[in-house]
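quick check, what structure comes out for this input:
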Amino acid sequence: MSRQLRDNGRGTRGWSPEYKKFRVRSSIKSFRDLEVYKQTTQLSTEIFQFELPETVKNRKKLDEEIKLLYELSKNVPRLIAECYGDKFTNFNLAKEKLERTMQIISNIITKIDFLVTTLNAVGPPAGQAGVSRERSEALTEILKKYQRQRTKILNLKNAWCRLFEKR
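Numbers count the residues shown, from 1 in each chain. This next block holds a predicted model:
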(Lines give C-alpha, C1' and ligand atoms only; values in the text may rest on other atoms or scores of the structure.)
Protein backbone atom coordinates (compact mmCIF):
# COMPACT_ATOMS: atom_id res chain seq x y z
CA MET A 1 0.00 0.00 0.00
CA SER A 2 1.16 3.48 -0.67
CA ARG A 3 1.83 5.83 2.17
CA GLN A 4 1.07 9.48 2.36
CA LEU A 5 2.09 12.33 4.61
CA ARG A 6 -0.53 13.04 7.27
CA ASP A 7 -0.89 15.05 10.44
CA ASN A 8 -0.72 12.53 13.28
CA GLY A 9 -2.78 14.68 15.67
CA ARG A 10 0.13 15.75 17.84
CA GLY A 11 1.11 18.79 15.85
CA THR A 12 3.81 16.98 13.95
CA ARG A 13 3.62 15.47 10.53
CA GLY A 14 4.76 11.95 9.80
CA TRP A 15 4.23 8.97 7.60
CA SER A 16 1.17 6.87 8.31
CA PRO A 17 -0.67 4.18 6.37
CA GLU A 18 -3.82 5.08 4.43
CA TYR A 19 -5.95 2.79 6.57
CA LYS A 20 -6.64 3.65 10.20
CA LYS A 21 -8.34 0.59 11.69
CA PHE A 22 -5.54 -1.97 11.40
CA ARG A 23 -2.13 -1.79 12.94
CA VAL A 24 0.45 -4.57 13.19
CA ARG A 25 1.84 -4.50 16.72
CA SER A 26 4.71 -6.85 16.05
CA SER A 27 5.49 -9.79 13.84
CA ILE A 28 3.88 -13.07 14.84
CA LYS A 29 6.44 -15.86 14.66
CA SER A 30 4.73 -18.42 16.91
CA PHE A 31 1.57 -18.84 18.95
CA ARG A 32 3.46 -17.39 21.94
CA ASP A 33 3.47 -14.03 20.15
CA LEU A 34 -0.33 -13.92 20.01
CA GLU A 35 -1.77 -11.51 22.56
CA VAL A 36 -4.77 -13.77 23.22
CA TYR A 37 -2.42 -16.64 24.09
CA LYS A 38 -0.46 -14.49 26.54
CA GLN A 39 -3.58 -13.02 28.15
CA THR A 40 -5.45 -16.32 28.52
CA THR A 41 -2.36 -17.95 30.03
CA GLN A 42 -2.19 -15.09 32.55
CA LEU A 43 -5.91 -15.45 33.33
CA SER A 44 -5.48 -19.18 33.87
CA THR A 45 -2.73 -18.38 36.38
CA GLU A 46 -4.99 -15.89 38.18
CA ILE A 47 -7.71 -18.54 38.49
CA PHE A 48 -5.16 -21.05 39.78
CA GLN A 49 -4.09 -18.60 42.50
CA PHE A 50 -7.66 -17.80 43.54
CA GLU A 51 -8.62 -19.01 47.02
CA LEU A 52 -11.94 -18.99 48.80
CA PRO A 53 -12.32 -17.50 52.27
CA GLU A 54 -11.72 -20.19 54.92
CA THR A 55 -15.13 -19.92 56.55
CA VAL A 56 -17.35 -19.85 53.46
CA LYS A 57 -20.32 -22.22 53.49
CA ASN A 58 -20.24 -25.23 51.14
CA ARG A 59 -16.50 -24.81 50.72
CA LYS A 60 -15.96 -28.33 49.36
CA LYS A 61 -18.49 -27.87 46.58
CA LEU A 62 -17.15 -24.44 45.71
CA ASP A 63 -13.58 -25.78 45.68
CA GLU A 64 -14.72 -28.39 43.14
CA GLU A 65 -16.20 -25.62 41.00
CA ILE A 66 -12.92 -23.71 41.14
CA LYS A 67 -11.01 -26.85 40.10
CA LEU A 68 -13.35 -27.27 37.13
CA LEU A 69 -12.88 -23.61 36.30
CA TYR A 70 -9.11 -24.03 36.38
CA GLU A 71 -9.25 -27.10 34.12
CA LEU A 72 -11.39 -25.18 31.63
CA SER A 73 -9.07 -22.18 31.74
CA LYS A 74 -6.03 -24.37 30.95
CA ASN A 75 -7.71 -25.55 27.75
CA VAL A 76 -8.03 -22.05 26.28
CA PRO A 77 -4.30 -21.34 25.66
CA ARG A 78 -3.77 -24.95 24.56
CA LEU A 79 -6.47 -24.66 21.89
CA ILE A 80 -5.09 -21.31 20.72
CA ALA A 81 -1.65 -22.88 20.29
CA GLU A 82 -3.11 -25.84 18.40
CA CYS A 83 -5.21 -23.74 16.06
CA TYR A 84 -2.23 -21.50 15.26
CA GLY A 85 -0.40 -24.53 13.90
CA ASP A 86 -3.48 -25.95 12.20
CA LYS A 87 -4.29 -22.78 10.27
CA PHE A 88 -1.62 -23.61 7.68
CA THR A 89 -2.49 -27.29 7.19
CA ASN A 90 -6.23 -27.49 7.85
CA PHE A 91 -7.87 -24.10 8.16
CA ASN A 92 -11.35 -25.52 8.86
CA LEU A 93 -9.97 -27.43 11.85
CA ALA A 94 -8.27 -24.27 13.11
CA LYS A 95 -11.55 -22.37 12.76
CA GLU A 96 -13.40 -25.08 14.70
CA LYS A 97 -10.81 -24.92 17.48
CA LEU A 98 -11.20 -21.14 17.75
CA GLU A 99 -14.98 -21.61 17.97
CA ARG A 100 -14.47 -24.29 20.64
CA THR A 101 -12.18 -21.86 22.50
CA MET A 102 -14.93 -19.23 22.50
CA GLN A 103 -17.41 -21.83 23.83
CA ILE A 104 -15.03 -22.73 26.65
CA ILE A 105 -14.63 -19.05 27.51
CA SER A 106 -18.44 -18.76 27.66
CA ASN A 107 -18.46 -21.70 30.10
CA ILE A 108 -15.73 -20.03 32.17
CA ILE A 109 -17.73 -16.80 32.30
CA THR A 110 -20.81 -18.73 33.44
CA LYS A 111 -18.87 -20.52 36.20
CA ILE A 112 -17.32 -17.26 37.40
CA ASP A 113 -20.79 -15.67 37.45
CA PHE A 114 -22.00 -18.59 39.56
CA LEU A 115 -19.10 -18.23 42.01
CA VAL A 116 -19.59 -14.46 42.34
CA THR A 117 -23.32 -14.89 42.92
CA THR A 118 -22.71 -17.65 45.45
CA LEU A 119 -20.10 -15.64 47.35
CA ASN A 120 -22.45 -12.65 47.46
CA ALA A 121 -25.47 -14.77 48.48
CA VAL A 122 -23.65 -16.62 51.25
CA GLY A 123 -22.53 -13.34 52.70
CA PRO A 124 -19.26 -12.60 54.38
CA PRO A 125 -18.20 -14.59 57.43
CA ALA A 126 -18.19 -12.77 60.74
CA GLY A 127 -15.32 -10.30 60.78
CA GLN A 128 -14.37 -10.97 57.15
CA ALA A 129 -16.71 -8.70 55.20
CA GLY A 130 -13.84 -7.13 53.27
CA VAL A 131 -12.20 -10.44 52.36
CA SER A 132 -15.33 -11.86 50.73
CA ARG A 133 -15.97 -8.63 48.83
CA GLU A 134 -12.35 -8.50 47.61
CA ARG A 135 -12.53 -12.06 46.31
CA SER A 136 -15.84 -11.37 44.60
CA GLU A 137 -14.38 -8.25 42.95
CA ALA A 138 -11.29 -10.20 41.87
CA LEU A 139 -13.50 -12.78 40.17
CA THR A 140 -15.51 -10.03 38.51
CA GLU A 141 -12.29 -8.54 37.09
CA ILE A 142 -11.26 -11.95 35.74
CA LEU A 143 -14.72 -12.30 34.18
CA LYS A 144 -14.37 -8.93 32.40
CA LYS A 145 -10.95 -9.90 31.08
CA TYR A 146 -12.30 -13.19 29.72
CA GLN A 147 -15.12 -11.31 27.97
CA ARG A 148 -12.51 -9.12 26.25
CA GLN A 149 -10.46 -12.17 25.25
CA ARG A 150 -13.52 -13.82 23.75
CA THR A 151 -14.05 -10.77 21.55
CA LYS A 152 -10.37 -10.75 20.57
CA ILE A 153 -10.52 -14.44 19.64
CA LEU A 154 -13.57 -13.74 17.47
CA ASN A 155 -11.65 -10.90 15.79
CA LEU A 156 -8.67 -13.23 15.28
CA LYS A 157 -10.93 -15.83 13.69
CA ASN A 158 -12.45 -13.22 11.37
CA ALA A 159 -8.99 -11.93 10.40
CA TRP A 160 -7.77 -15.44 9.64
CA CYS A 161 -10.93 -16.10 7.60
CA ARG A 162 -10.24 -13.02 5.47
CA LEU A 163 -6.64 -14.08 5.01
CA PHE A 164 -6.83 -17.85 4.54
CA GLU A 165 -10.22 -18.50 2.94
CA LYS A 166 -9.16 -16.63 -0.20
CA ARG A 167 -6.37 -19.16 -0.80
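
lowest-confidence helix or strand of this structure?
strand 3-7 (a mean of 48; mean pLDDT, DSSP states H and E).

tell me the centre residue of the protein?
Gln149 (3.1 Å; CA atoms, centre = their mean).

shouldn't it be within a helix?
Yes - assignment of Gln149 by DSSP: H, G, I helix; E, B strand; the rest coil places it within a helix.

surely it is in contact with Leu43?
Yes - between Gln149 and Leu43 there is a contact at 7.0 Å, judged by CB atoms under 8 Å. From N, CA and C alone the C-beta is placed, and that goes for glycine too.

between those two, what contacts are shared?
Val76 (CB atoms under 8 Å, 6 or more residues apart in numbering).

show me which residues of stretch 151-167 are buried.
Ile153, Leu156, Lys157, Trp160 (16 or more other CB atoms under 10 Å).

now swap in stretch 64-79 and tell me
For stretch 64-79, by 16+ other CB under 10 Å, it's Glu65, Ile66, Leu69, Tyr70, Leu72, Ser73, Lys74, Asn75, Val76, Pro77, Arg78, Leu79.

now these in a markdown table, with pLDDT?
Formatted as a markdown table, the buried residues of stretch 64-79 follow (pLDDT from 0 to 100):
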| residue | pLDDT |
| --- | --- |
| Glu65 | 91 |
| Ile66 | 91 |
| Leu69 | 95 |
| Tyr70 | 95 |
| Leu72 | 96 |
| Ser73 | 95 |
| Lys74 | 95 |
| Asn75 | 96 |
| Val76 | 95 |
| Pro77 | 94 |
| Arg78 | 94 |
| Leu79 | 95 |
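
out of the residues you listed, who's nearest Lys111?
Leu69 (4.8 Å; CB to CB).

isn't that closest one right up against Ser44?
No - counting by CB under 8 Å, Leu69 sits too far from Ser44 to count as a contact (9.6 Å).

quick one on the thing from earlier: contacting residues for the residue nearest to the centre of the chain?
Gln149 neighbours (CB under 8 Å, 6+ apart): Val36, Gln39, Thr40, Leu43, Val76, Ile105.
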